[in-house]
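Colleague: sequence? don't have it. structure:
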């Protein structure tokens, strides 16, 4: 949610930003916000004047009563009563209009960074840099589900019977490999100075509304029937929500945390759930990182955070590249975002394995996350980035570490988490 003062003082800037995001249907919302804001301020001014008048009349009534001027005092009491009725009406109208204003404000996208490329969707994202040499071996790379099946590591048939499409069992060394990657990512981030946390895996609606847009929520989140609780789609949501309505001392900044969680997603949309494999599923595990910092420090942290992910994947023998997300591919709360994509020697192209974003003060405004310094209180900036998402990281690792005989090399960084094993071999 942007600062309403920006809409008051520079509505054309806000409208131009909406156009850059190809959301022209929201242009009318800016004009409606301005009208509602003016009406609310008029009501507030009228209410303040009536309260001041009521206080003055009450003082006069007290003096008149002392002087036994009962009739005059009763006349003023009638005015006070009329003021009270009008104040009550104003407060009700102001509350209703304020709720309407808030709903409209939450539809306005955040102001994107000046260097964000303009484009309608992810097809217009811009490659920034490649890390590692993308290699296509001289033998065929099978589909990742087939690699896992040969290793005895995947059972989707049983998951279909217990849970339905979009779920899976990982078994044996394949399951252990996922845990090894998550644990390695955790320890890597701890070594970077991040505090490790396991957060709640369910959050209330006010936190959901604080961290994401309505459209994202409807497409991603599972709601617990009969309760004000949602299953998290990423631990970023509960990690940022941890600081809801808090005023943080400046000396405690920046807050840097890394978190583990399962993630639950509807995956509603054009892509749908993958039938055979584990690329797009309803449930996976993830190691995440978040930063809460001063506004002037957010871009420096943004550049640090995506580089951590790149280094982790390089240490797993996986070539990656970074893509700058274009304006139309940015979620409404984001100022700037880049995707980290892993090389797929089977497909001979890159695919997304993580995303790094700075959201400015949008989440902080929705959730009331502020800092207190010498110049008073102010809203902080929030950032998030994927360390490792279990299923997609596993796919990238299998394809890039596969041998011609069907065995998979375990990268050196993971061997301490695999009991010293250096290879997983197919089951005969």
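Modeller: Received it, and whenever you're ready, just let me know what you need. Owing to the predicted nature of the structure, the values given are computational and were not obtained by experimental measurement. Numbering: from 1, shown residues only.
Colleague: contacts for stretch 235-245, please.
Modeller: 197, 199-201, 203, 206-208, 210-212, 232, 255, 257, 259-261, 263, 286, 288, 290, 292, 363, 367-369, 382, 384 (Cβ atoms under 8 Å, 6 or more residues apart in numbering). C-beta here means a position set from N, CA and C on the backbone, and glycine is covered the same way.
Colleague: tell me which residues of that stretch are tucked away?
Modeller: In terms of neighbour count (16 or more other Cβ atoms under 10 Å), stretch 235-245 has its buried residues at 235, 236, 237, 238, 239, 240, 241, 242, 243, 244.
Colleague: model confidence over stretch 261-275, on average?
Modeller: Taken as a whole, stretch 261-275 carries a mean pLDDT of 77.
Colleague: pretty sure residue 98 contacts residue 43?
Modeller: No - contact criterion Cβ atoms under 8 Å: residue 98 and residue 43 do not qualify, at 9.5 Å.
Colleague: more neighbours, these two?
Modeller: Ranked by neighbour count (other Cβ atoms under 10 Å), residue 98 and residue 43 place residue 43 first, with 18 against 15.
Colleague: three-state assignment of residue 210?
Modeller: helix (DSSP: H, G, I helix; E, B strand; the rest coil).
Colleague: that one: how many residues sit nearby?
Modeller: If we define neighbours as other Cβ under 10 Å, then residue 210 has 25 of them.
Colleague: check it and give its pLDDT.
Modeller: 92.
Colleague: ok now the lowest-mean-pLDDT helix or strand in the chain, how far from the chain's centre?
Modeller: Among the helices and strands of the chain, helix 214-220 carries the lowest confidence by mean pLDDT, DSSP states H and E, at a mean of 77. Here helix 214-220 is found 11 Å from its chain centre; the criterion is Cα atoms, centre = their mean, to the nearest Å.
Colleague: name the next helix or strand downstream of it, please.
Modeller: Note on helix 214-220: by DSSP states H and E, the next helix or strand toward the C-terminus is strand 222-223.
Colleague: strands of the stretch 151-300 of the chain, start to end?
Modeller: Applying DSSP state E, counting those that start in this stretch to the stretch 151-300 of the chain gives strands spanning 154-155, 169-170, 195-197, 202-203, 222-223, 230-231, 247-249, 255-264, 283-293.
Colleague: any idea which of those is most buried?
Modeller: Greatest average neighbour count among the strands of the stretch 151-300 of the chain goes to strand 283-293 (a mean of 24), per mean count of other Cβ atoms under 10 Å.
Colleague: give me the mean pLDDT for that strand.
Modeller: 97.
Colleague: what is it packed up against?
Modeller: Contact here means 3 or more Cβ pairs under 8 Å, 6 or more residues apart in numbering; DSSP states H and E; on that basis strand 283-293 packs against helix 172-191, helix 235-241, strand 255-264, helix 298-314, strand 381-389, helix 390-400.
Colleague: give the pairing partners of that strand; include direction for each.
Modeller: Applying DSSP bridges to the sheet, strand 283-293 is found paired with strand 255-264 (antiparallel), strand 381-389 (antiparallel).
Colleague: who are the contact partners of residue 312?
Modeller: Contacts of residue 312 by Cβ under 8 Å, 6+ apart are 184, 185, 188, 387, 388.
Colleague: let's see that with 7 Å instead.
Modeller: 185, 188, 387, 388 (Cβ atoms under 7 Å, 6 or more residues apart in numbering).
Colleague: got the buried residues for the helix or strand encompassing residue 47?
Modeller: In this assignment (DSSP H and E), residue 47 forms part of helix 27-66. Neighbour counts over helix 27-66 (16+ other Cβ under 10 Å) mark 29-30, 33, 36-37, 40, 43, 47, 50, 54, 57, 60-61, 64 as buried.
Colleague: between those residues, which is nearest residue 300?
Modeller: residue 30 (31.7 Å; Cβ to Cβ).
Colleague: quick check: that closest one touching residue 15?
Modeller: Yes - look at residue 30 against residue 15 with Cβ atoms under 7 Å: they come within range, at 5.6 Å.
Colleague: any chance of the helices and strands packed on strand 283-293 in JSON lines, plus distance to residue 422?
Modeller: Output for the helices and strands packed on strand 283-293, formatted as JSON lines (distance: least, Cβ to Cβ, whole Å):
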{"stretch": "helix 172-191", "distance to residue 422": "12"}
{"stretch": "helix 235-241", "distance to residue 422": "31"}
{"stretch": "strand 255-264", "distance to residue 422": "26"}
{"stretch": "helix 298-314", "distance to residue 422": "19"}
{"stretch": "strand 381-389", "distance to residue 422": "20"}
{"stretch": "helix 390-400", "distance to residue 422": "14"}
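Colleague: nearest to residue 144, out of those?
Modeller: helix 390-400 (4.5 Å).
Colleague: against which helices or strands is that closest one packed?
Modeller: Packed against helix 390-400 by the contact rule (3 or more Cβ pairs under 7 Å, 6 or more residues apart in numbering; DSSP states H and E) you find helix 144-150, helix 172-191, strand 283-293, strand 336-344, strand 349-358.
Colleague: residues contacting the second one, please?
Modeller: Yep, that's helix 172-191 we're talking about. So helix 172-191 is contacted by 148, 151-154, 170, 196, 258, 260, 285, 287, 289, 308, 312, 387-388, 390, 393-394, 413-414, 417-418, 424 (Cβ under 7 Å, 6+ apart).
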